[in-house]
Structure formats: C-alpha cells, structure tokens
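K.L.:
Dropping a prediction and its sequence here:
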Amino acid sequence: MLKDDSSKDYSSFGLAYRNFKVRKGVYVPEPTAEFPGDNPFTRMTPIRGKCKDIQFDETYTYLDKSLKFKFLNTLIYFIIWFVASLVIRIRFGLKIEGREKIRQNRKLLANGVMTVCNHVHRWDMICVALAMRYRKAWIPMYAQAFNGKDGFLMKTVGGIAIPENHGGLRKFNKALDELHASKQWIHIFPESCSWYYYAPLRPFKTGAFNMAYKYALPVIPMMISFRPRTGWRKLFGNGVPLLTIHVGDPIVPDLNTSRKEEAARMRNMAHQAMLDMAGIVSNPWPSNID
C-alpha cells in the first residue's frame with residue numbers, strides 16, 4: 001500500500017488512473033487488478049457459480065410480496081444491523097461521516113429517497129445500509145447476477161433484477177411504482193458494476209437520475225474512500241484498505257425543467273459532490289460518457 005502523497009503520479013497504475021490527483025493526506029491504495037482505461041462499465045467481477053437460468057421477463061416476480069420473503073428480508077436486515085455491522089467495523093474499520101444529514105433532512109426524505117454510491121467493495125451495500133441510519137432499501141441490480149450463487153442473497157436483501165426486454169421492463173417499472181407509492185427508499189450504484197478498491201470515480205449511468213426525477217425523489221450521494229491499515233488491524237485483512245463512507249447533502253429535483261436536463265444536472269451534481277467528499281481534485285473520468 002502507498003503512503004499519502006498528493007503529488008504522486010498515479011498514471012503508473014494504468015490508463016484508468018490517468019490525470020488522477022487527490023488532496024494532501026488522501027490515501028490511495030494500490031490497484032488490486034488491471035482496470036481498463038477505455039470502458040468504465042467493464043464488468044470486473046464474474047458471476048459466482050452461475051447455476052440458474054432465470055428468464056427476466058413479464059413472468060418473473062420483481063417485487064415479492066409473500067410472507068416468506070418479508071420474513072427473510074427482515075431477517076437479513078437484522079443480521080446486517082447487528083452482526084455484519086460489527087464484522088465490517090472490526091474487519092474493515094468502517095467509519096461513517098455525515099450521517100447526521102439524513103436526520104437533519106428527515107422531513108425532506110419522508111416520502112422516499114434515492115441514494116447513490118460508488119461500487120468498490122463486496123460489502124459496499126452494507127456500508128450504505130449502515131449510513132442510512134438503519135433504513136431498508138430496494139436495489140435495482142444487474143439481472144444475470146441473480147443466476148449465480150449470490151442470487152438468493154441479492155433478492156433477499158432487496159435486490160430487484162433489471163430486465164433487458166420490454167415485457168420485463170413494464171413489470172419492473174410497475175414494481176418501482178408500488179415502492180414509490182409506499183414511500184420506500186431506493187439505492188442505485190450508478191457506475192453499474194463493481195471495481196474493487198478503485199479510488200477514482202467512474203462515469204454514471206443516467207437511469208438512476210431519470211428515476212429520481214420521475215418519482216420526485218431527493219438524491220443523497222454517498223462515497224466510499226479508503227484508509228491504510230494501522231495498529232492491530234495490520235495483523236489481518238491481507239493488507240486491504242479500511243473503509244470510510246461519506247454522506248452528502250440531498251439533491252432535490254427541479255420538476256419545472258425537462259427530465260433530460262434535470263437528470264443530467266443531478267447526475268453532475270452527485271458526481272462532483274462525491275469527488276469532493278473523497279478528496280479527489282482531478283479525476284480520470286467525466287460524470288458521464290453518453
């Protein structure tokens with residue numbers, strides 16, 4: 001792992017770190033993989049043990065309302081709040097900064113909210129859940145990953161498969177309409193796929209912000225940054241960095257402008273807010289590459 005050094009030239013890490021600069025004192029871990037410098041939406045994490053062939057069409061249940069699911073969903077969040085939270089704080093030294101902003105804006109968020117975060121860790125959704133002050137969230141996710149060994153857990157935690165056909169999309173949108181009507185919280189990783197321990201911020205897909213405009217949802221940007229292992233934590237963890245999740249101020253959609261313009265504005269604001277929270281002063285990627 002590298003020492004804090006805002007003057008370092010990170011281009012030696014590859015094209016995905018070109019022109020990357022951070023404020024003094026910001027920690028940048030060494031890459032854990034050869035990240036592509038041409039396509040920020042390249043999937044770096046394979047589906048674990050693909051063993052199913054689910055068809056994500058109009059016959060698929062996107063929003064499970066069964067008592068069994070409600071029980072499992074409550075159980076998994078109980079585990080997150082009381083078991084996984086302890087593990088992630090010990091193993092990865094999780095710190096949460098700015099969480100008071102959710103309490104301070106509780107009236108604004110009373111009818112639901114969308115949170116967005118960079119996608120850089122296997123446990124980043126647990127980080128988000130803890131930063132949300134123990135609120136549940138529904139998470140639109142890459143559909144094909146539900147065919148792997150993690151599919152059951154993904155759905156139980158609140159994952160909703162994003163289909164790729166019109167029939168499925170109609171039912172997917174209906175599920176989101178129901179969630180919004182019941183004032184649920186929605187979380188999206190707008191980078192679309194995970195790059196573990198990647199310090200820069202990748203471009204965002206605009207879909208999350210189109211959805212926020214459609215449902216008039218405030219958007220809360222969150223950003224995971226890294227810290228070096230210190231003290232007794234050096235004894236385990238294989239040297240992987242510790243985690244800090246930052247919570248930003250809500251971004252409120254202006255419904256007096258067009259959806260296209262407002263989605264782009266919210267996307268750009270969220271991207272810049274996340275760069276600022278992470279101490280990034282020069283980023284390899286713009287906020288979008290549409």
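P.N.:
Arrived safely. Source: prediction; values computed, not measured.

K.L.:
Every contact and neighbour count from this point should use C-alpha atoms.
P.N.:
Fine.

K.L.:
With just CA atoms, put the longest strand belonging to the chain into CSV.
P.N.:
Ordering each strand of the chain by length in residues (DSSP state E) puts strand 219-227 first. Presented in CSV, the C-alpha positions along strand 219-227 are these (Å, rounded to 0.1, in the frame of the first residue of the first chain):
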residue,chain,number,x,y,z
VAL,A,219,-30.9,12.1,-4.2
ILE,A,220,-28.3,11.5,-1.4
PRO,A,221,-24.8,11.0,-2.8
MET,A,222,-22.5,8.7,-0.8
MET,A,223,-18.9,7.9,-1.4
ILE,A,224,-16.6,5.2,-0.1
SER,A,225,-13.0,6.1,0.3
PHE,A,226,-10.1,4.2,1.8
ARG,A,227,-7.6,4.4,4.7
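
K.L.:
Tell me the helix or strand right after it.
P.N.:
Where DSSP states H and E defines the elements, the next helix or strand beyond strand 219-227 is strand 242-247.

K.L.:
and that next one, which strands flank it?
P.N.:
strand 95-97 (parallel), strand 219-227 (antiparallel) (DSSP bridges).

K.L.:
which parts of stretch 214-230 are buried?
P.N.:
Neighbour-count burial for stretch 214-230, counted by 16 or more other CA atoms under 10 Å, picks out 215-229.

K.L.:
Same check on stretch 110-124?
P.N.:
111-121, 124.

K.L.:
where in the chain is pLDDT low?
P.N.:
1-7, 290 (pLDDT under 70).

K.L.:
which residues in the stretch 151-290 of the chain form strands?
P.N.:
Secondary structure of the stretch 151-290 of the chain (DSSP state E, counting those that start in this stretch): strands at 159-162, 185-188, 219-227, 242-247, 280-282.

K.L.:
Output the second one as PDB, nothing but the C-alphas.
P.N.:
The reference is to strand 185-188. What follows is strand 185-188, C-alpha atoms only, in PDB (Å, rounded to 0.1, in the frame of the first residue of the first chain):
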ATOM      1  CA  TRP A 185     -36.000   4.100  -0.100                       C
ATOM      2  CA  ILE A 186     -34.200   3.100  -3.300                       C
ATOM      3  CA  HIS A 187     -30.500   2.600  -3.700                       C
ATOM      4  CA  ILE A 188     -28.600   2.500  -7.000                       C
END
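
K.L.:
Can you tell me which helices and strands it packs against?
P.N.:
In terms of contacts (3 or more CA pairs under 8 Å, 6 or more residues apart in numbering; DSSP states H and E), strand 185-188 is packed against strand 113-117, strand 139-142.
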